[in-house]
Structure formats: structure tokens, C-alpha cells
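S.K.: I need the structure of the sequence given here:
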Amino acid sequence: MFATRPTLYGTRHAVSAGHYLAAAAGFSVLEAGGNAIDAGCAMGIALGVTLPDFVNVAGVAPILIRKADGTVETIAGLGHWPKSIPADLFMREHGAKIPNGVLRTVVPAAPDAWITALERHGTMSFGEVAGAAIRYAADGFAVYEILRDNIRDHEAEYRSYAGSAPIFLPGGKRPEIGDKFVQTDLAKTLQYMVDEEKKAAGKGRLAGLAAAHAAFYRGDIAREIAAFMKAEGGYLTMEDMAGYRSKLEPAVRRMWRGHEVLTCGPWCQGPALIEALLLFEKGGFAAMKHNSPEYIHLFTECVKAAMADREYHFGDPDFIDVPLDRLLSDAHLDARLREISADRAHPGMPEPILGPAPKLPGEADRAMPMVEADTSYCCAVDRWGNAFSATPSDGSFNSGVVPGLGIIPSPRGSQSRPDPRHPCGVAPGKRPRLTPNPAMVVTKDGGVMPFGTPGGDVQIQAMLQVMINTLHFGMEVQEAIEAPRVASYSFPSSFAPFDYFPGRLAVEGRIPQATRDALAAKGHDVKDWPDKTWLAGTVEVVLSDPKRGMLAAGADPRRPAYAIAT
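M.R.: Residues are numbered from 1 along each chain as shown. The predicted structure is shown next:
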């Protein structure tokens, strides 16, 4: 199988990120003596600058960390709904829809998540890890194809927000490839946090980090955000900001063939990756040829089953009881597998096995789902064996930039359901159910593989395909990433308006026509993608191999993602 780039190998440390400048920021931190957590935070903050259509500095940033001593921790990096928002607001006043704008705002979580990671596991200051991001924002960087296209496709939305138009449409015009994209206000916002940190530097690193945190959540930035929200009719307040800290939660962990697979909890879709993997294994994929009709059919049906359980059960575990152990039990997996036919695709999403089903949205009348420009990913492994995995997110076209700050307070409320009775329904203080889900594998040989991707509901599907390519089929990391992929849409979308496409299966064009025809004959509603498309995810991977003393790194050319290893 042909890859357009080589797998990169090193003996000391490696990074991979959704933009090459973010990868450079993380690598510079490692070269300067920082650890994987320092490097990961540098990359994550830089992605909020270099992918301004996909990632927001004031968005979400779920993080998964494994220390060299084996300690594993997740930092949720996901804000909650304002405490004052009425649970029935969208049902009562907005026709059961979550509109664009400030009403979908939850507490910005990313700055807290990065600072929490640095406080608990890093070695550097906020200023040291944010330095590259500040420079990229102030000096600018080159507009690339996807950024140009997203601004073009969402020009009307960007023009509709007074704070967004000057940034994304400078001089009133759409930027072109190679133009310099500058975010002066964003640079000032980050620099203000650094300046506040410096004022407390004499009290030690942790005091400085606390000061940077206070600058965002209790200082001038918070005041500007709260004033903007009030003026625009939003519910987020200074009190919501001041009281926020990311939850520290245990990872969901399951063994597979001697490897340990780690994801974040059911406040995101991470556990569905594990469920789909275990179903795929029990279903016998190991006897099938890679990307054969039988292989893709079984993969798709296992994804449908896992995503059905996500739909019926996943949500903020502080508010609902998520029966995760039952969902990942052999008994439940076997029951799900009995519903899968080798010859015929399920026409929609499987029915619930545990408990009643929430009402599903109606079938969408579009050819494909509405795709929100959203999310990126970064990972790092350092010379000591620490590993970092994070999926920062929050696009920029469905809510407005706060004038003078260059940031958009997290619009992630779009991933809650308007009906508060749904497992991930709106409620004051409740977190939406997040699509971004960093993951990691601790290999049976003692290595570690942080990996992840953007892509909304495609994320766990792309991640699982790359994981299987690497750990079962033995592909090199870059080959595993670039192999052609498929994605099911046979379940409600996580994004408003929650499109539902029963039976829909998107397939990259490098998969032979004969395979696509065989899938259609099994009942899949096959839709052709181009040979390579960013809609299929953009997976980044670092894999350590203790036996050989090497690190392998790869990045997905479906977006401007790059890896660096040395």
C-alpha cells in the first residue's frame, strides 16, 4: 500500500499535530527540555491559532495523559451550561432547535485544561508553552486550502458577526491561499495571560500558572466575555467563569489482545471506540481481508451498534447513570452481535437493549450531513516515556468573536440535545456530550500509542480503522493513516440539527468499485467520497517501540497535519 509521506522515526521524542506550525511548537518545547505535557499544551494552544476555523483558544480541550510511571489521567476540558439557563429554553422558545450565536455557549474550558495539565504534570510556565502561539497570532501565518475553503463556504456567517468579520474577512474580502492571516486581538489576549503570570513569577511556577488562569476566568478577559454575553442575550456570567475547573476523571480502560486501550469517559464518545473494537474482534474481523466487502460490512455494523449505545446512554455522568460496565460486558456485546447479519446491513440504527429509546430525529433530506468545521488533534511522547493526547476543538462560524479578545466562548452547547429528557439533553451546569475524544493504547510490548482525529461522528471510526491497520495488519504508522477509509452516518449526528441518515455509508474513492457494489448489494446506502477527504478524519499517531528503542510518528495528509521525530 502506497503512502505519500514516510513514517518518521526517532529515538528521543516525537510529536504529531493537525498543523505543521503546531507540531513545530511542540517539538521546540521538547528540544528545550520540556516534557510531553509541556509540548502537548504548546501544540494545543497553537492549534487554536493556526486552525482558527476548526479550533478555538476558548473552546474545549479534552486531554488524556499517561505518565512514564504508568499513571493515567483524563482532564475533561469541557465546559458546562451556564447555571442560569432554563433547561427547557430551546424546546419552549426555539422550536426544539439550538440556534447559532451566544445561546449555545458553555463555559470556555480549553485555557483551564492546558493550565491544569501544566500544573499537575508539566515543567514549564504558561508563557513558555504559549510563546509560539502568540507569535503565530501576532505575526500571522499563510492561509492554506481548507482554511480558505471554510471561510468561503461560511462567508455569510462570518459577515454576520461584528467581531468575526474583520478577522476572517480582512478588508471585507475572503483571504486566498498564501495570504497572511493575522489575529492581533488573540495575540493580545494570550499575552495578557502571560503578563499576569510574570507578575506572580517570584512566587514560583504554580503561582504563575494560577495567575494566568485567574486572568482568563476571573480577570479582565472574563469581564469582557460576560459583558459580551449580556449584551448579546446570552446566559454565561462571571460567576460561571470564576467557578470553573476541568474535572479530573479516570480513563475508561479495556484489554484487547494484550494491549490496553484508554479513552475518556462517556461525557464524550470515547467509550464507543472501545465498544466498536470489542464487537469487531468478537465478530471475527481477523479472518477477513483488509477493506474487503465482508470486512467493511462487519466494521460498519459494529460501529452502528456502538453508536446506538452512545445515542441511548452517553451523557454527563454527573447528571445521568451511564451503564458503561454493562455496555462493555461480554453479555451485551454478544447480544449486539446476534443482531448483526453477515449478508444484510441493518436499515438504520439498532434498537436499545438496555432501557427505552429516546425519540430519534427525523431522516434528513440532504445528500450528506451538515458538517461543522470543527476540531483538531495533537499528541506527543517524550524521552522519559510520558505520553500526551488531546483533541482541542470548537469552530468559529456558528458563534461570534468577542470584539477585542479574538476568541469565541465555547459554542459546544450545540452537542447537547434541546430536549432535557435526552441523555445528553440541556440542563444548567451539565456538560454536553462531546465528540472530541483523545485516545491511547499501551501496547503489550510496553510501548504507548497516543492517537486521535477531528471529524465529529467520524472520529471513532477513523481512529479504529487506523488502530487496526497498525496493530493487527502491521502497517507502518504513516501507511495505516493514509489507507482508504469509510464512515457510517446511520445514527443521529452529534451536531445540531442532529441529522439522521439511516444506512448511509461514505467510502473513499480508492476503495474499488467492486467493493462498493458489494456493499450496496448488502443494503448499505453507499455514497462516494473523493480518493482522500478530510471528512474521513485526520488521524495523528505517535507509537513507541521499546524493543527497538524507536518512536514512530505519522500525520494525516487529508489536512495540513505534520509529525516530527528525532
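S.K.: Quick check: phi and psi on the closest residue to Tyr377 other than its chain neighbours?
M.R.: Nearest non-adjacent residue to Tyr377, counting by C-beta to C-beta, 6 or more residues apart in numbering: Gly452, 4.2 Å away. All C-beta atoms are positioned from the backbone trio N, CA, C, and that covers glycine. Taking degrees, to the nearest 10, you get phi 180, psi -180 for the backbone angles of Gly452.
S.K.: Also Lys527?
M.R.: Main-chain torsions, Lys527, degrees, to the nearest 10: phi -120, psi 130.
S.K.: who does the spatially closest residue to it that is not a sequence neighbour bridge with?
M.R.: Leaving aside its sequence neighbours, Lys527 sits nearest to Ala506 (C-beta to C-beta, 6+ apart; 5.0 Å). Counting by DSSP bridges, Ala506 is bridged to Ala487, Lys527.
S.K.: residues touching Ala506, list them.
M.R.: Contact analysis of Ala506 by C-beta atoms under 8 Å, 6 or more residues apart in numbering lists Met368, Val486, Ala487, Ser488, Tyr489, Val526, Lys527, Asp528, Trp529, Leu535, Ala536.
S.K.: Any regions of this protein where pLDDT drops low?
M.R.: 1, 357-373 (pLDDT under 70).
S.K.: Got the domain ranges for it?
M.R.: 8-249+373-415, 252-343+437-546 (automatic domain parsing).
S.K.: Could you give the secondary structure assignment for Ser28?
M.R.: helix (DSSP: H, G, I helix; E, B strand; the rest coil).
S.K.: these two touch, right, Thr443 and Met449?
M.R.: Yes: counting by C-beta atoms under 8 Å, Met449 is a contact partner of Thr443 at 6.4 Å.
S.K.: Can you check which residues contact both of these two?
M.R.: Joint contacts of Thr443 and Met449 (C-beta under 8 Å, 6+ apart) are Leu471, Leu543.
S.K.: which of the two has more neighbours?
M.R.: When Thr443 and Met449 are compared for neighbours, Met449 comes out ahead with 27 against 19, by other C-beta atoms under 10 Å.
S.K.: so what does the helix or strand that contains that one touch, helix or strand wise?
M.R.: Secondary structure from DSSP states H and E places Met449 in strand 448-452. Identification of packing neighbours for strand 448-452 by 3 or more C-beta pairs under 8 Å, 6 or more residues apart in numbering; DSSP states H and E yields strand 63-66, strand 378-381, strand 387-390, strand 439-442, helix 459-471, strand 540-545.
S.K.: The last one pairs with which strands?
M.R.: Paired with strand 540-545 in the same sheet, following DSSP bridges, are strand 448-452 (antiparallel), strand 550-554 (antiparallel).
S.K.: could you dump these to JSON lines with distance to Tyr144?
M.R.: Below are the strands paired with strand 540-545 laid out as JSON lines (distance: least, C-beta to C-beta, whole Å):
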{"stretch": "strand 448-452", "distance to Tyr144": "21"}
{"stretch": "strand 550-554", "distance to Tyr144": "19"}
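S.K.: thinking again about what came up before, can you redo the domains of the chain as JSON lines with distance to Ala561?
M.R.: Output for the domains of the chain, formatted as JSON lines (distance: least, C-beta to C-beta, whole Å):
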{"stretch": "domain 8-249+373-415", "distance to Ala561": "5"}
{"stretch": "domain 252-343+437-546", "distance to Ala561": "5"}
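S.K.: Nearest to Ile564, out of those?
M.R.: Checking those against Ile564 by C-beta to C-beta gives domain 8-249+373-415 as the closest, at 4.4 Å.
S.K.: now do the same end-to-end measure for the closest one.
M.R.: Start and end residues of domain 8-249+373-415 are separated by 36 Å (C-alpha to C-alpha, to the nearest Å).
S.K.: Let me know the secondary structure of Ala518.
M.R.: Ala518 ends up helix, using three-state DSSP.
S.K.: who's in contact with it?
M.R.: So Ala518 contacts Pro293 (C-beta under 8 Å, 6+ apart).
S.K.: sorry, back to before: so which of the strands paired with strand 540-545 is the most packed in?
M.R.: Compared across the strands paired with strand 540-545, strand 448-452 shows the largest average neighbour count, a mean of 29 (mean count of other C-beta atoms under 10 Å).
S.K.: Now do that strand against helix 459-471: the angle between them, please.
M.R.: 150 degrees (axes from the mean of the first three to the mean of the last three C-alpha atoms, to 10 degrees).
S.K.: how far is strand 448-452 from where the chain is centred?
M.R.: Distance of strand 448-452 from the chain centroid (C-alpha atoms, centre = their mean, to the nearest Å) equals 13 Å.
S.K.: Likewise for stretch 78-95?
M.R.: 23 Å.
S.K.: Of all the domains of the chain, which one is nearest Thr566?
M.R.: Closest among the domains of the chain, using C-beta to C-beta: domain 8-249+373-415, at 4.4 Å.
S.K.: Just the buried subset of the contacts of Ala506, please.
M.R.: Val486, Ala487, Ser488, Tyr489, Val526, Trp529, Leu535, Ala536 (16 or more other C-beta atoms under 10 Å).
S.K.: want to throw those residues into a markdown table with distance to Asp195?
M.R.: Shown next, in a markdown table, are the buried ones among the contacts of Ala506 (distance: C-beta to C-beta, whole Å):
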| residue | distance to Asp195 |
| --- | --- |
| Val486 | 49 |
| Ala487 | 44 |
| Ser488 | 48 |
| Tyr489 | 46 |
| Val526 | 55 |
| Trp529 | 46 |
| Leu535 | 41 |
| Ala536 | 42 |
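S.K.: now, among those, which is nearest to Ile177?
M.R.: Leu535 (20.0 Å).
S.K.: Please verify my assumption that the closest one contacts Trp529.
M.R.: Yes: shown here, Leu535 and Trp529 form a contact pair, counting by C-beta under 8 Å, at 6.4 Å.
S.K.: which one of the contacts of Ala506 is nearest Cys264?
M.R.: Of the contacts of Ala506, the one sitting nearest to Cys264 (C-beta to C-beta) turns out to be Ala487, at 20.8 Å.
S.K.: Report the contact partners of that closest one.
M.R.: With the criterion set at C-beta under 8 Å, 6+ apart, Ala487 makes contact with Gly455, Asp457, Val458, Gln461, Ala462, Leu505, Ala506, Leu535, Ala536, Gly537.
S.K.: Run a quick neighbour tally on the third one.
M.R.: Around Val458 sit 25 other residues, with neighbours defined as other C-beta under 10 Å.
S.K.: Is Ala214 part of a helix or strand, or is it coil?
M.R.: helix.
S.K.: need the contact list for it.
M.R.: Counted by C-beta under 8 Å, 6+ apart, Ala214 has contacts Glu196.
S.K.: same question, the one 4 residues further on
M.R.: Contacts here follow C-beta under 8 Å, 6+ apart; on that basis Arg218 touches Met238, Met241, Ala242.
S.K.: Just want the phi and psi numbers for it.
M.R.: phi -130, psi 0.
S.K.: CA atoms of the strand holding Met449 as PDB?
M.R.: Extracted C-alpha coordinates of strand 448-452, given in PDB (Å, rounded to 0.1, in the frame of the first residue of the first chain):
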ATOM      1  CA  VAL A 448       2.500   3.700  24.100                       C
ATOM      2  CA  MET A 449       0.400   5.000  21.200                       C
ATOM      3  CA  PRO A 450      -1.500   8.200  21.600                       C
ATOM      4  CA  PHE A 451      -3.800   8.800  18.700                       C
ATOM      5  CA  GLY A 452      -6.800  10.800  17.700                       C
END
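S.K.: Give me the residues contacting it.
M.R.: 64, 66, 377, 379-381, 385, 387-391, 436-443, 459, 463, 466-467, 470-471, 539-544.
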